[in-house]
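**Student:** sequence plus predicted model, see below.
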Number of protein chains: 2
Amino acid sequence: MVSEHGLNDRKLKILHAIIRTYLETGEPVGSRTISKYTDLNLSSATIRNEMSDLEELGYIMQPHTSAGRIPSDKGYRLYVDMLMEEKEQELTERQEQMLEKADKMEHLLKQVAKVLASSTNYATMVSTPVNNANKLKFIQLSMVDDEQVIAVIVLGGNVIKNKIIRIDEPLSNENLLKLNMLLNTTLNGMSIEEINLGLIARLKEQAGIHSEVIGNVLDAVADVIQVDEDMQIYTSGTTNIFKYPELSDKQSAQEIISAFEEKQQLTELVTQTLSQEDNTGIQVYIGDETPVQNMKDCSVVTATYELGDGMKGTIGIVGPKRMDYEHVLKSMKRLQNELDQMFHKN
Amino acid sequence: MVSEHGLNDRKLKILHAIIRTYLETGEPVGSRTISKYTDLNLSSATIRNEMSDLEELGYIMQPHTSAGRIPSDKGYRLYVDMLMEEKEQELTERQEQMLEKADKMEHLLKQVAKVLASSTNYATMVSTPVNNANKLKFIQLSMVDDEQVIAVIVLGGNVIKNKIIRIDEPLSNENLLKLNMLLNTTLNGMSIEEINLGLIARLKEQAGIHSEVIGNVLDAVADVIQVDEDMQIYTSGTTNIFKYPELSDKQSAQEIISAFEEKQQLTELVTQTLSQEDNTGIQVYIGDETPVQNMKDCSVVTATYELGDGMKGTIGIVGPKRMDYEHVLKSMKRLQNELDQMFHKN
DNA sequence: GTTAGCACTCGAATATAAAGAGTGCTAACA
DNA sequence: TGTTAGCACTCTTTATATTCGAGTGCTAAC
């Protein structure tokens, strides 16, 4: 990703200036503005020539003849990539903790969404952590009374679930012990996908007359996984998009807000983000690059946070393409760190 | 509420016609339109005179001189009240069941919101049921292993919660039985507010050396209640408001959508609705009547549904004042019935 | 009490003009 | 050869009239 653009230093500086100016104003920027803005000491005419080149190369475009230029998706992409490289090393700084430690994760995540939205003025979303490759850590059956067994199931990430199972005739302590042994030796450390029909048949065979209980336990496991899979997504500041004229016409606003309400599309965004791992865990989708069709006129920035044991969640931010990438990337990194730390301290 | 308006039959008919026309078109309606629309066979001039009277009485108003008339809040109110009275008796009809029986209440309620939104083209919300006066129905402690006891807590409305409690030394079966007896005889049928410090002290005293367990159990109860108290609200079709020009300017859209996202205000709406019981459980707030300031330019219709045992939830619909009240009220009644039935069958 | 007729009002739509920002191109310059 | 001044041209934005029409209120006649 090291400067594969064929741009000399001057063109790069001009492009940079155009984008920065456009990020601020949201209006097409003209040659004269750049001529004064930069320290290049070039006349507007020269700038015009360079701009013409930049347009031909696809980094900027004109909304109409006789208007200034605005960055194209390709232009933004170059800008963001440069930004990422630059900022990589100065990640040491630390900002004060805005988030009071909330007692419940749900509250914490809601607050994260809210804080991020109000500090950036964009729309935000935060997903609850899900376990991509969820592993079974421990299973324990215990008799509650003569007709009921409680199954305690511990998943990776120390998520504990329990489930009551009805049985026809009581299990002796001996048999209970045996079943527990069987279940643990066979299933511990297994991911959900690994528990297939063959394995289930083998288990049932070994359980003998108690195969029915095994079946029920496995059902419970499946159930637990399923519950765990439907991740929650919290959103905040959706209406911030009204602050950006290019997104607040009915059509666009409709689409974006819909996506935020119906959640389905956000789920896809999260899935994609989690699967597409890179070194930083932060991704920037510009315009058409986004997995969510409804947001094709926006930029989307996502960050992954971890709880350990493979539990991962996503923070996302949605705004206009002329987003303050510098600020957003900084905020995301900070939040990502804070969340990581917070969860690893527990 | 029986015709306290001082309107003769003709004025009433004209008002009715104005409102119905306006509901359809959303445009101010003029005298000529009414003259042709109704079967009164009156000239536009006569209608004009009557309209003038109706305006003086506050039922309609002009957006500006030389425009047609639109209903005022007072006008809508009269219309809705008439509608309610009329339709009260024809509630017998039954429409086909649109909702597949969903396995989980959460899914069911989400679906309710969605169905209602798409069938009415307004924005909708559905709250999970909460127990206004929640009562404890049953508590049962069981040993899971030597260090853990599971507490099964059943609340009014058959809501079952369970909680694992750690103990230092195992309880004998005998002691366990005694504790169960103690807890059930003392607490059963109690509402949460009734479990005060005095009662807790008395319980602990009677539990003797196991007072610590009691303390933990009561903590668990408190916890369970608290979890239960923070009700969820599902929304759908928020962006439907863009279909109504009078609500889709940035300002209004902002406010309404905000209210739907931040949920806080909706919670207030639900609380108010649940407390203000009337015979049908359906309420109509027009304009300023609504408890939610952000929706002062809308009409809000709410319905209460019951699970029995005091568990109640709310369905709400938000749209422009020129809402199709007839359709909405019908839909709400139908849904209300279906939900009531569905939950009482279980 | 009802209606026809008419002058009047006012918003919405349409047309017209003027202003301004910005470009592309040419020609001159260092 | 790269840079710049100058100028004609384009296209949006804004302002300003102008027109159009729906609808009213009022008066006078039926």
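**Tutor:** Looks like it came in fine. If you're wondering where the values come from, they're calculated on a predicted model, not measured in any experiment.

**Student:** ok and the residue in chain A nearest DNA strand D?
**Tutor:** Of all residues in chain A, the one sitting closest to DNA strand D is A:S66 (2.7 Å; Cβ to the nearest atom of the strand). Any C-beta I mention is one placed from the backbone N, CA and C, and that applies to glycine too.

**Student:** helix, strand, or coil at that residue?
**Tutor:** Classification of A:S66 using DSSP: H, G, I helix; E, B strand; the rest coil returns coil.

**Student:** how about it, phi and psi?
**Tutor:** The phi and psi values for A:S66, taken as degrees, to the nearest 10, are phi 70, psi 30.

**Student:** what's around A:L109, how many residues?
**Tutor:** Per other Cβ atoms under 10 Å in any protein chain shown, the neighbour tally for A:L109 reads 23.

**Student:** do you know how far it is from A:Y285?
**Tutor:** From A:L109 across to A:Y285, the span is 22 Å (Cβ to Cβ, to the nearest Å).

**Student:** swap in A:I317?
**Tutor:** Distance from A:I317 to A:Y285, by Cβ to Cβ: 11 Å.

**Student:** those two: who's more crowded?
**Tutor:** Comparing A:I317 with A:Y285 by neighbour count (other Cβ under 10 Å), the higher total belongs to A:I317, at 28 against 22.

**Student:** need the pLDDT of A:L339.
**Tutor:** We note a pLDDT of 87 for A:L339 in this prediction.

**Student:** try A:A133
**Tutor:** 56.

**Student:** swap in A:E86?
**Tutor:** A:E86 carries a pLDDT value of 63.

**Student:** neighbours of the closest residue to DNA strand C within the stretch 1-150 of chain A, just the number please.
**Tutor:** In the stretch 1-150 of chain A, the residue that lies nearest DNA strand C is A:G30 (2.9 Å; Cβ to the nearest atom of the strand). The tally of other residues near A:G30 (other Cβ under 10 Å) stands at 18.

**Student:** do I have it right that it meets A:I70?
**Tutor:** No: with contact defined as Cβ atoms under 8 Å, A:G30 does not reach A:I70; the gap is 11.0 Å.

**Student:** phi, psi of A:Y59?
**Tutor:** Dihedral angles for A:Y59 - degrees, to the nearest 10 - are phi -90, psi -30.

**Student:** tell me the contacts of it?
**Tutor:** A:L7, A:L15, A:P71, A:S72, A:K74, A:G75, A:L78 (Cβ atoms under 8 Å, 6 or more residues apart in numbering or on different chains).

**Student:** interface residues of the stretch 151-300 of chain A facing chain B?
**Tutor:** A:152, A:160, A:162, A:164, A:235-236, A:238-239, A:242, A:248, A:250, A:253-254, A:257-258, A:260-262 (Cβ under 8 Å from any Cβ of the partner chain).

**Student:** so which of those belong to helices?
**Tutor:** Mapping these onto helices (DSSP state H) picks out A:K250, A:A253, A:Q254, A:I257, A:S258, A:F260, A:E261, A:E262.

**Student:** how about the last one: what's its closest non-neighbour residue?
**Tutor:** This means A:E262. Leaving aside its sequence neighbours, A:E262 sits nearest to B:S236 (Cβ to Cβ, 6 or more residues apart in numbering or on different chains; 7.8 Å).

**Student:** didn't that neighbour look like it was pressed against B:S119?
**Tutor:** No: applying Cβ under 8 Å, one finds B:S236 not in contact with B:S119, separated by 10.9 Å.

**Student:** name the helix or strand for whatever residue of the stretch 201-346 of chain A ends up closest to DNA strand C, please.
**Tutor:** DNA strand C sits closest to A:R322 of the stretch 201-346 of chain A, with a gap of 15.4 Å, by Cβ to the nearest atom of the strand. Assigned by DSSP states H and E, A:R322 belongs to no helix or strand.

**Student:** go on, A:A45?
**Tutor:** A:A45 belongs to helix A:44-56, assigned by DSSP H and E.

**Student:** what about that helix, distance to the chain center?
**Tutor:** In this view, helix A:44-56 has its centroid 38 Å away from the chain centroid, taken as Cα atoms, centre = their mean, to the nearest Å.

**Student:** got the contact list for it?
**Tutor:** Identification of contacts with helix A:44-56 by Cβ under 8 Å, 6+ apart yields A:10-11, A:14-15, A:18, A:30-32, A:34-35, A:60-62, A:69, A:75.

**Student:** what is the burial count for the residue lying closest to A:K163 once chain neighbours are set aside?
**Tutor:** Closest residue in space to A:K163, ignoring its immediate chain neighbours: A:A220 at 4.0 Å, by Cβ to Cβ, 6+ apart. Residues lying near A:A220 (other Cβ under 10 Å) number 20.

**Student:** what does A:N240 give?
**Tutor:** Here the count is done by other Cβ under 10 Å, and A:N240 has 21 residues near it.

**Student:** just the one 4 residues further on next, same as before
**Tutor:** Residue crowding around A:Y244 was assessed by other Cβ under 10 Å; the count is 19.

**Student:** give me every residue that touches it.
**Tutor:** Applying Cβ under 8 Å, 6+ apart, the residues near A:Y244 are A:G26, A:G319, A:P320, A:R322.

**Student:** next: A:Q336.
**Tutor:** Shown in contact with A:Q336 (Cβ under 8 Å, 6+ apart): A:G281, A:I282, A:A303, A:T304, A:Y305, A:I315.

**Student:** for those residues, which one is nearest A:I200?
**Tutor:** Taking Cβ to Cβ as the measure, A:I200 lies nearest A:T304 of those, at 33.1 Å.

**Student:** following the helix or strand in which the closest one is found, which helix or strand comes up?
**Tutor:** Using DSSP H and E, A:T304 sits in strand A:298-308. Scanning forward in sequence from strand A:298-308 by DSSP H and E, the next helix or strand is strand A:311-320.

**Student:** doesn't A:V284 fall inside a helix?
**Tutor:** No: counting by three-state DSSP, one finds A:V284 to be strand, located in no helix.

**Student:** return the distance of it relative to A:L329.
**Tutor:** Counting by Cβ to Cβ - A:V284 and A:L329 are separated by 8 Å.

**Student:** for A:I315, same thing?
**Tutor:** Counting by Cβ to Cβ - A:I315 and A:L329 are separated by 12 Å.

**Student:** which one's more surrounded, those two?
**Tutor:** A:I315 (26 against 21).

**Student:** and A:V80, what is it in contact with?
**Tutor:** Contacts of A:V80 (Cβ under 8 Å, 6+ apart): A:V284, A:I286, A:Y325.

**Student:** tell me the pLDDT at the first one?
**Tutor:** As summarised for this prediction, A:V284 has a pLDDT of 95.

**Student:** likewise for the last one?
**Tutor:** You'll see A:Y325 listed with a pLDDT of 95.

**Student:** and it, how many neighbours does it have?
**Tutor:** A:Y325: 22 neighbours (other Cβ under 10 Å).

**Student:** my read: it touches A:I282, true?
**Tutor:** No: if you go by Cβ under 8 Å, A:Y325 and A:I282 don't touch, sitting 11.0 Å apart.

**Student:** got any residues that touch both of these two?
**Tutor:** Shared contacts of A:Y325 and A:I282, defined by Cβ under 8 Å, 6+ apart, comprise A:V301.

**Student:** picking up where we left off before, for the ones in helices among the residues of the stretch 151-300 of chain A next to chain B, pick the one with the most neighbours.
**Tutor:** Most crowded among these, counting by other Cβ under 10 Å, is A:F260 at 27 neighbours.

**Student:** for it, what are its contacts?
**Tutor:** Counting by Cβ under 8 Å, 6+ apart, A:F260 touches A:A123, A:M125, A:T235, A:T238, A:L266, A:V318, B:E261.

**Student:** switch those residues over to TSV; also include distance to DNA strand C and pLDDT.
**Tutor:** Shown next, in TSV, are the contacts of A:F260 (distance: Cβ to the nearest atom of the strand, whole Å; pLDDT from 0 to 100):
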residue	distance to DNA strand C	pLDDT
A:A123	29	98
A:M125	35	97
A:T235	35	96
A:T238	29	97
A:L266	37	93
A:V318	28	98
B:E261	31	94
